[in-house]
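**Q** dropping a prediction and its sequence here:
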Amino acid sequence: MTGKIVSIILFIAGIINVLPLIVFFDAAKTVKLYGVRIDGESLTILMRHRAVLLGLLGLTLISAAVKPELRIYAIALALISKLAFIFLTFTASDYTAEVKQVALIDV
């Protein structure tokens with residue numbers, strides 16, 4: 001039963017991490033997701049790359065939901081990623097409400 005619950009949690013976390021992949025295909029979606037308008041090609045590249053990395057993390061979590069041998073790696077990667085984002089967000093002073101919401105979801 002516990003394994004099933006872990007699988008469900010990993011799957012849901014995976015889906016949540018895959019969703020921002022939409023930014024790779026449409027960089028303008030950063031306004032809706034993060035409340036940030038992208039100005040300039042360099043920032044567009046960085047945000048689209050971030051979307052790919054989150055998508056890969058999401059796919060890793062989804063894979064770990066069905067392959068228990070991947071769980072420790074997937075959870076470690078997710079924890080490092082999420083803790084870094086939470087730290088960066090809450091040690092900053094000027095960020096959008098959408099970024100705060102993303103950080104709270106990560107918590």
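**A** Received the coordinates, thanks.
**Q** just checking, Leu61 touches Ser7?
**A** No. Leu61 lies out of contact with Ser7 (CB atoms under 8 Å); the separation is 10.4 Å. In short, each C-beta sits where N, CA and C put it, glycine included.
**Q** quick check: the nearest residue to Val107 once chain neighbours are set aside vs Lys100, distance?
**A** The shortest distance from Val107 to any residue other than its chain neighbours is 6.2 Å, reached at Ile86 (CB to CB, 6 or more residues apart in numbering). Per CB to CB, to the nearest Å, Ile86 is found 11 Å from Lys100.
**Q** ditto for Val6
**A** 28 Å.
**Q** point to the residue nearest the middle of the chain.
**A** Nearest residue to the geometric centre of the chain (CA atoms, centre = their mean): Asn17, 4.0 Å.
**Q** show me what the helix or strand that residue falls within is packed up against.
**A** Element membership of Asn17 [criterion: DSSP states H and E] is helix 2-18. If you count contacts as 3 or more CB pairs under 8 Å, 6 or more residues apart in numbering; DSSP states H and E, helix 2-18 packs onto helix 41-66, helix 71-90.
**Q** list the buried residues of the next helix or strand after that helix.
**A** The first helix or strand that comes after helix 2-18 along the chain, using DSSP H and E, is helix 22-25. Residues 22-24 are the ones in helix 22-25 that count as buried (16 or more other CB atoms under 10 Å).
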